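# sharing a model prediction with you, sequence too.
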Amino acid sequence: DSRCLDGFNNVLSEYRFEQIHHITDLYCGAGRRIIFGLPQIQPFSRHEDVERLGYTGIKGFAAEPVRRLCIMLCETSFSASRLQKIFTDAFLGAPYEVAVSFPGSKPVLNDKLHFMPSVRPQLIYGSTACIHDGNSFLFHQCIAAGIPQLIISDSSYERMWNAAAAERYGFGLYLPERNLSMETVYEKYRSLLSDDIFAEQAEAF
């Protein structure tokens, strides 16, 4: 979408430079290209001049392991009330902390189930697993923290790409957002924890 260049073009305009209307034009003029992640997750042709810098983790949040599940959705087609019911039905009464945030969520503490009004990515570090929507920020936080992830994705490029990578390389599972329910999210989460390969692959990556 050309709108993602709006901020960049505002700066160009202030300095009376020509506007850029296509991302490919911006790439062609770049003197240096930086990408985060391993080649398996973010592949580029060997002919591309790309420098890899590892993962975009949060410095200083290498936390001790704790029995906690993080559920963080930044984008979703589900209403806040429907998501609250799904996650309450699935995880209320769990013997571990469950931290949940999604668009429109209100702060509620019910036993060990904690609904939060905004995403707190630092909670990912030290958690047992993370359920998220497949956006690249949370995807890379989970990899940097070395924890398995369950990705609830729609069919958009970024989210679907990350979901496919998680399944392909064995550090996570994918649940189509259209199939999201109390039963499906809990079943996928149990599958994620029942096989040590997911934790081992997450730590390896």
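Thanks, I have the structure now.

# tell me how far N9 lies from H22.
As judged by Cβ to Cβ, to the nearest Å, N9 and H22 stand 12 Å apart. From N, CA and C alone the C-beta is placed, and that goes for glycine too.

# which of those two has more neighbours?
Neighbour count, other Cβ atoms under 10 Å: between N9 and H22, N9 has more, with 16 against 10.

# quick one: the residue in the chain sticking out farthest from the centre from L5, how far?
In the chain, the greatest distance from the average C-alpha position (Cα atoms, centre = their mean) is reached by R16, at 37.4 Å. For R16, the distance to L5 equals 17 Å [Cβ to Cβ].

# ok, then the element right after the helix or strand containing S191?
If you go by DSSP states H and E, S191 is part of helix 182-194. For helix 182-194, the following helix or strand on the C-terminal side (DSSP H and E) is helix 196-204.

# now for that following helix, which elements pack on it?
Secondary-structure packing of helix 196-204 (3 or more Cβ pairs under 8 Å, 6 or more residues apart in numbering; DSSP states H and E): strand 172-176.

# in the strand it packs on, what counts as buried?
G172, L173, Y174, L175 (16 or more other Cβ atoms under 10 Å).

# just flag the most distant two among those.
By the measure Cβ to Cβ, G172 and L175 form the most distant pair in the buried residues of strand 172-176, at 10.3 Å.

# name the residues contacting each of these two.
Both G172 and L175 are in contact with L150, I151, where contact means Cβ atoms under 8 Å, 6 or more residues apart in numbering.

# output the below-cut-off pLDDT ranges for this structure.
58-63 (pLDDT under 70).

# quick one: the strands in it?
33-35, 50-52, 68-72, 97-101, 108-110, 113-116, 129-132, 149-153, 172-176 (DSSP state E).

# report the strands that pair with the fifth one, each with its relative direction.
With DSSP bridges as the test, strand 108-110 is paired with strand 113-116 (antiparallel).

# what sits up against the strand it pairs with?
Under Cβ under 8 Å, 6+ apart, the answer for strand 113-116 is 84, 87-88, 91-92, 94, 97-101, 105-109.

# just the buried ones from those residues?
The buried subset of the contacts of strand 113-116 - by 16+ other Cβ under 10 Å - is Q84, F87, T88, F91, E97, V98, A99, V100, S101, S105.

# show me the contacts for the first one.
Contact analysis of Q84 by Cβ under 8 Å, 6+ apart lists S105, V108, F115.
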